[in-house]
Every structure is written in structure tokens, then in C-alpha cells.
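**Q** Prediction below, plus the sequence it came from.
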Amino acid sequence: MNSYLDINPEVQHALAENRPIVALESTIISHGMPYPKNMETALMVSKTVKDNNAVPATIAIINGRLKVGLTLAEIELLAKEGKAIIKTSRRDMPYLISQKLSGATTVASTMIIAQMAGVKIFATGGIGGVHRGGASTFDVSADLQELAKTNVAVVCAGAKAILDLGLTLEYLETNGVPVLGYKTKELPAFYTRKSGFNVDYQIDSPQEIARFLHAKWAMKLQGGVVITNPIPEKYQMDYDSIMNTIKAAVKEADKLGIKGKESTPFLLEKIAALTGGKSLESNIKLVLNNAELAAKIACDYTSIAK
């Protein structure tokens, strides 16, 4: 697959010098929020990574090429084209490559391309998981299977709150994927710091997380790690209010028959509308928070892995 891979020179130099790098996904740019907010957010996330002494590597597929480290023009393309860009998971990659199309990468496909390039740490908003009603519909995000087999650590604010968090944790446990809580024993639920579910282990510093990652992969234990980082308290939403909003959005999605990879963008957009844009602002703040932690972990990991 390396014949399809283009690594930005800045990222390539960082890899050669064993400097810290943080992978960033691109679905949040094309499908996560409207233009120009998506462009502004993408640039703020990259700046946050740089401000914390790591190199940002936004990942996408552009004209059939796997890109690790987008240029400003490429980010702008994804931001302006928005939902016209194909939301791309593992199953979609061969089609986009063979047809020379462009795609915005989900958690799963970002992990795949990051591993191809040798990038171990990845920051996102929230991972996908088992959708509500998934026990009967089998609507399970490909992110979970990718976490079971791809050696990339994902820093997130938990699984998206629109999901069945209990079943998502069960799925991860079955597949041997550790779920860590940064300074928390409770799984954060994206917009809120609480969920009613516990993580596997609370770890209180980036250095300790880096040692955990090094130990896992040094033992050749395949698969990723979910590092949950609660949204800063001042930016979280009221738990009961956001859960009621999510229920209303899920009910409407069911009524309209929206399923599969279209469901998450629809639900996030609907929730943003129902909250008067407050959920979108919380989303941006938690992504920036995750980028900062991921950069710190990447710095410590590269020191250990030398």
C-alpha cells in the first residue's frame, strides 16, 4: 500500500528524526461542522498540536492518494466541499484509490493510514461504537474492529454520546482493547464528563500513558488503545438536557430511516440545531483538549521508544 501513500515533508522529517507526531482525522472537517467553522477548527487543532511540541498530521484521501499531513489548500478543499466529500472507512478505501477520488477519513481509516506511515498517536473528538438498538440491528462502527487490530492509540472524549456506551465498552473488552481514563475512573460521554460507566484503568499523566503504550506494543499485543479525556468542566453540557436532546434526535433519525454511515453526521447536526449551536461549541473545545493531550503523550512516547 505504500505506493499509494504521500507523506508531507514536515511529517516525513519528524518520522526520520523520531520527533512526536499526532495524526488527525478529516471527517470532522467535511462532515462534522459547516464551513468556515470546520476550516477554523482544523487549523486550531493543528496549532494546538504544534504549541505542545508535536507535528500535526491531518489524514485524508485526495484524488486517490493516501495523504499524511494535509496542506492548507487540501484542508480548504475538504472544508468547502463538505458532505460532497465521501466519508471513508476501511471498506471504502479501495474504491476511492482505484477511482482516484477524495475522501474524508473516519477513525478507522485514519488509524490504518497512520499505521502505514508509522504514526502511533491519534487525536479525535469521539470514537464510533455500537449504535442504540445495535443488539438487533448489528449497527456497529468499523472503528471498534480497527481498534482491535491496528496499533494506534486514539485520544478521544469517549465514544460519541449518541451511541450505546455500555455495548460499546463490552465490544472493546471482548476484542482486548484497553480503555484508559485520563485523570478519571468514569468513561466520559463526549459532551459530558460522566456516563455511568467505568473505564478499565485511570492513568493520571501523559508519561504513564506513554509507558502503557510502549509496554503493550513491545509485548507484540496487537491493537489500539482508547485514551478517554473528559471535556473540560466549564465546557461540558448539562447531562440530563443533552441526553434528552440525543433521544429526540435518535427518534427523528429512526423516523426518517437514516442508518449506517449517514447516521452520525445527521445526529450531530440535529443535536447542534436543537441546542442552538451549544453542542458544536462543546465539540470544538473537546477536540482541542484531546489534541493537547495527544501531543503530550506523543512527546513522552517518542522519548521512551528511542
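**A** Everything's here; your move. Numbers count the residues shown, from 1 in each chain.

**Q** rest of the way, CA atoms for contacts and neighbours
**A** Fine.

**Q** Kindly provide the distance from the residue of the chain most remote from its centre to Met44.
**A** In the chain, the residue that sits farthest from the middle, by C-alpha atoms, centre = their mean, is Lys255; the gap is 27.8 Å. Lys255 is 36 Å from Met44, where distance means C-alpha to C-alpha, to the nearest Å.

**Q** which one is the most centrally placed residue in the chain nearest to, not counting chain neighbours?
**A** The centre of the chain sits closest to Thr124, judged by C-alpha atoms, centre = their mean, with a distance of 3.0 Å. In space, and not counting its chain neighbours, Thr124 is closest to Cys156: 5.3 Å by C-alpha to C-alpha, 6 or more residues apart in numbering.

**Q** how about low-confidence regions in the stretch 201-306 of the chain?
**A** 261 (pLDDT under 70).

**Q** Tell me where it has strands.
**A** 201-203, 225-228 (DSSP state E, counting those that start in this stretch).

**Q** Neighbouring strands - and their directions - for the longest one?
**A** Going back to what we said before, that points to strand 225-228. Taking DSSP bridges as the criterion, strand 225-228 forms sheet pairs with strand 153-156 (parallel), strand 179-182 (parallel).

**Q** now these in TSV, with mean neighbour count and distance to Val250?
**A** Shown next, in TSV, are those (neighbours: other C-alpha atoms under 10 Å; distance: least, C-alpha to C-alpha, whole Å):
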stretch	mean neighbour count	distance to Val250
strand 153-156	29	22
strand 179-182	25	26
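
**Q** out of those strands, nearest to Tyr235?
**A** strand 153-156 (15.3 Å; C-alpha to C-alpha).

**Q** Could you identify the helix or strand that succeeds the closest one?
**A** The helix or strand immediately downstream of strand 153-156 is helix 165-174, counting by DSSP states H and E.

**Q** contact partners of that next one?
**A** Gly129, Val130, Leu144, Ala148, Ala159, Pro178, Val179, Ser195, Phe197 (C-alpha atoms under 8 Å, 6 or more residues apart in numbering).

**Q** CA-only coordinates of it in CSV, if you can.
**A** What follows is helix 165-174, C-alpha atoms only, in CSV (Å, rounded to 0.1, in the frame of the first residue of the first chain):
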residue,chain,number,x,y,z
LEU,A,165,-22.0,3.2,25.6
GLY,A,166,-22.4,0.0,27.6
LEU,A,167,-22.4,-2.2,24.5
THR,A,168,-19.5,-0.3,23.0
LEU,A,169,-17.4,-1.0,26.2
GLU,A,170,-18.4,-4.7,26.0
TYR,A,171,-17.3,-4.9,22.4
LEU,A,172,-14.0,-3.3,23.2
GLU,A,173,-13.4,-5.7,26.1
THR,A,174,-14.2,-8.7,24.0
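
**Q** list the buried ones in it?
**A** Leu165, Leu167, Thr168, Leu169, Tyr171, Leu172 (16 or more other C-alpha atoms under 10 Å).

**Q** And for stretch 193-207?
**A** For stretch 193-207, by 16+ other C-alpha under 10 Å, it's Arg193, Lys194, Ser195, Asn198, Val199, Asp200, Tyr201, Gln202, Ile203, Pro206, Gln207.

**Q** before we move on, back to that, and which of the buried residues of helix 165-174 is nearest to Val11?
**A** For the buried residues of helix 165-174, the nearest to Val11 is Leu172 (30.5 Å; C-alpha to C-alpha).

**Q** sorry, back to before: tell me how far the residue farthest from the centre of the chain lies from Ala249.
**A** For Lys255, the distance to Ala249 - C-alpha to C-alpha - is 10 Å.

**Q** next one: Gly118
**A** On the measure of C-alpha to C-alpha, Gly118 and Ala249 end up 38 Å apart.

**Q** Which one's more surrounded, these two?
**A** Ala249 (22 against 14; other C-alpha atoms under 10 Å).

**Q** Next up, the contacts around Thr106.
**A** Contacts of Thr106 (C-alpha under 8 Å, 6+ apart): Glu25, Ser26, Thr27, Lys87, Thr88, Ser89, Asp143.

**Q** what number of residues lie near the fifth one?
**A** Around Thr88 there are 24 other residues, counting by other C-alpha under 10 Å.

**Q** The spatially closest residue to it that is not a sequence neighbour - how many residues pack around it?
**A** Of all residues not flanking Thr88 in the chain, Thr105 sits nearest, at 4.9 Å (C-alpha to C-alpha, 6+ apart). Applying other C-alpha under 10 Å, we find 31 residues neighbouring Thr105.

**Q** do the same with Ser98
**A** Count around Ser98 with other C-alpha under 10 Å applied: 11.

**Q** hang on, isn't Gly223 packed against Asn151?
**A** Yes. Counting by C-alpha atoms under 8 Å, Asn151 is a contact partner of Gly223 at 4.7 Å.
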